[in-house]
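# Sequence first, predicted model second:
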Amino acid sequence: MPLIIKDEYPKKLFREDGKRLDGRDKHELRPIKMEVGVIKNADGSAYLEWGNNKIFAAVYGPRDVHPHHLAKSDRGILRIFYRMATYSVFERKRPAPGRREKEISMVISDCLEPVLFLELYPGTSFEVFIEVIDADGGTRCAGTTVAALALADAGIPMRSLVTSVALGKIDGEIVVDLSGIEDKAGQADLPCAITWFNDQLSLLQFDGDMTLEEMNKCLDLAPDILKRIYEMQLNALKEKYLKIREEVNKSEEIATEGGEQ
Amino acid sequence: MENDEDESQDIDDFEEIVESAKEIVVPGETLTEDVNNFIPGRGAIFNRNKTKIISLSIGLKQVRKNYINVIPLRGFYTPRAGDKVLGIVVDKNPVKYRLDINAKDEGILKPKNTMKKERGRFIRGAGGRKPQQQDMAPSSTEVYQIGDVLILKVLSADRLNSPELTTVGKYLGKKMGGTIISIGPYSIPRIIGRGGSMIKMLKNLTKCNIFVTQNGRIWLKGENIESERLLIEAIEKITNEAHTMGLTDRIQEFLESEKKKRGID
């Protein structure tokens, strides 16, 4: 007999001490961990842990387009494959890409396109595979963030990085970085992404109900939050090289000390 | 010494930048806001309002006179005319060969570019011999087989058409035996070193024959498998630590200590 679990969400999304259910303040992010160069065979790759989300991204390209009719003769194309693992959500997700995956792939592709110089690579494609291993709300934002990291790690010329975060409204309050429960039980959800070369929003989706004033408030709040994640992205990219440099310096110091004795 | 050192200008750039500037930059990072005194060079552009110069890829920042450059640490190979590349024949038909040269397009090698043209000796007047068929370049693709490893030169390349290649020239042609390893094209200057110092050292210490090409592939052949393996490990170490200082000395130490350990002479 199949196990039936009712979709029950808590009535209140704030605790009595004024914090959210996972103990965060209203404008506090979940813990984020980023790493680049995790997949050896890919041209560029990145891994992201954002709260309970665990996401891999791998970049290949520029390379031939298959099926060939998708190729553009005057510019390259960016193809995003956003996929969720069957075990990434509570109820088994069917592995075939559905409407949701196709849509998210499309919006991420549109969001990342302005930062690339696609006109320099006619007839080719850049392919980004975003694999969601574990999902807990805000995977499209996390996917965009990690895809930008993987593209930069591949050495593809870019105007800037792209950073994304979801804002929203739960129990009448504006909060940032919605978790899975807040996303489903909350009142509104507003994922947005920024391209840093022109400081403009490249992705903006909206779901739920919110007044215009509240939306403006969200958008005023977004740049500060995005800046915090952007700093983490920069550190993650540099860390890979600085780590090696530090190790080398350390081993040299040991060598010279040994020589003096 | 099989490698030409004609690209020494580029290599000196890389050495200098690793030794002078240590700053690692990432795409979109501001290089300078002083737009009146600096011009964006390689790997850098103005932002839209021309208020600052930003980097295009992950790399090392270099300031040269009033140019700001970014030397990339990672990336893919884009063929340019005059490059020496290592290719593998993947397909052929009576008109041309197709070669995998680690670029987005396959390289094209036509039979007329596989052999030196020998002019038939013409003596004007009566009795002069007309050029015979065997003096001409081969009209069919019979020289190389699928799977052959060739060293080639790029004759022409642009972003739209497949690059055209040739095997006519010094050091070019088929390579027999040996091992091919693939590294990023942007690590090649470090393998060669300033004025070829690194590659000379590698050759002397491992007694291997090395040929480095600009598409990020290295062909090597040693006296025995142990020295080849040691050389591959050394090359991996170089690519890994390409952005650090004093690399040549460190690799020399590494090779000498490993040779003692493994008993290679």
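It's in.
# could you pull out the strands for the stretch 151-265 of chain B?
For the stretch 151-265 of chain B, applying DSSP state E, counting those that start in this stretch gives strands covering B:164-166, B:173-175, B:179-182, B:209-212, B:217-221.
# Those strands: which one's closest to chain A?
Using C-beta to the nearest C-beta as the measure, strand B:179-182 is the one of the strands of the stretch 151-265 of chain B that comes nearest chain A, at 11.6 Å. Using the backbone N, CA and C atoms, a C-beta is placed for each residue, glycine as well.
# Pull out the CA atoms of that closest one and give them to me as CSV.
C-alpha atoms of strand B:179-182 as CSV (Å, rounded to 0.1, in the frame of the first residue of the first chain):
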residue,chain,number,x,y,z
THR,B,179,52.4,9.4,-26.2
ILE,B,180,50.1,12.3,-26.5
ILE,B,181,48.8,14.2,-23.6
SER,B,182,46.3,17.1,-23.6
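# hey, where'd the helices end up in the stretch 51-200 of chain A?
Using DSSP state H, counting those that start in this stretch, the helices found in the stretch 51-200 of chain A span residues A:99-112, A:139-153, A:180-185.
# Switch the strands of the stretch 151-265 of chain B over to a markdown table; also include distance to chain A, mean pLDDT and mean neighbour count.
Shown next, in a markdown table, are the strands of the stretch 151-265 of chain B (distance: least, C-beta to the nearest C-beta, whole Å; pLDDT from 0 to 100; neighbours: other C-beta atoms under 10 Å in any protein chain shown):
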| stretch | distance to chain A | mean pLDDT | mean neighbour count |
| --- | --- | --- | --- |
| strand B:164-166 | 17 | 95 | 21 |
| strand B:173-175 | 25 | 92 | 15 |
| strand B:179-182 | 12 | 92 | 14 |
| strand B:209-212 | 19 | 93 | 20 |
| strand B:217-221 | 16 | 93 | 20 |
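# Mind checking these for the one nearest to residue B:145?
Nearest of these to residue B:145, taken as C-beta to C-beta: strand B:173-175 at 9.6 Å.
# Contacts for the closest one, please.
Applying C-beta atoms under 8 Å, 6 or more residues apart in numbering or on different chains, the external contacts of strand B:173-175 come out as B:86, B:144, B:148-151, B:167, B:211, B:219.
# so, if you compare those residues, which one comes nearest to chain A?
residue B:86 (19.0 Å).
# wait, what's in contact with that closest one?
B:101, B:149-152, B:175, B:180, B:211, B:213, B:215, B:217-219.
# can you list the weak-confidence ranges in the chain?
With no chain named, the answer covers chain A. For chain A, the stretches flagged by pLDDT under 70 are A:1-6, A:258-261.
# The intended chain is chain B.
B:1-22, B:117-138.
# Give me the most central residue, it.
Against the mean C-alpha coordinate of chain B, by C-alpha atoms, centre = their mean, the closest residue is residue B:214 at 1.0 Å.
# That one contacts residue B:185, correct?
Yes. Using C-beta atoms under 8 Å, residue B:214 is in contact with residue B:185, at 6.5 Å.
# anything in contact with each of the two?
Shared contacts of residue B:214 and residue B:185 (C-beta under 8 Å, 6+ apart): residue B:77.
# And residue A:125, how far from chain B?
Shown here: residue A:125 relative to chain B, a distance of 10 Å by C-beta to the nearest C-beta, to the nearest Å.
# Quick check: beta-bridge partners of that residue?
In this entry, residue A:125 is beta-bridged to residue A:63, residue A:77, by DSSP bridges.
# which ones are touching it?
Contacts were defined as C-beta under 8 Å, 6+ apart; by that measure residue A:125 touches A:61-65, A:70-71, A:76-79.
# Run a quick neighbour tally on residue A:92.
The tally of other residues near residue A:92 (other C-beta atoms under 10 Å in any protein chain shown) stands at 9.
# give me every residue that touches it.
residue A:86.
# Next one: it relative to residue A:142, how far apart?
Residue A:92 sits 21 Å away from residue A:142, going by C-beta to C-beta, to the nearest Å.
# And residue B:172, by the same measure?
49 Å.
# of the two, who's got more company?
The neighbour count for residue B:172 versus residue A:142, taken as other C-beta under 10 Å, is higher for residue A:142 (29 against 15).
# What are the phi and psi values at whichever residue of the stretch 151-265 of chain B sits closest to chain A?
Nearest residue of the stretch 151-265 of chain B to chain A, counting by C-beta to the nearest C-beta: residue B:244, 4.7 Å away. Backbone geometry at residue B:244, expressed as degrees, to the nearest 10, gives phi -110, psi 170.
# residues near it, how many?
Count around residue B:244 with other C-beta under 10 Å applied: 20.
# List, one by one, the residues from the stretch 101-250 of chain B near chain A.
Proximity of the stretch 101-250 of chain B to chain A, by C-beta under 8 Å from any C-beta of the partner chain, involves residues B:104, B:159-160, B:184, B:186, B:240-241, B:243-244, B:246, B:250.
# Helices - which of those land there?
Among these, the members found in helices (DSSP state H) are B:240, B:250.
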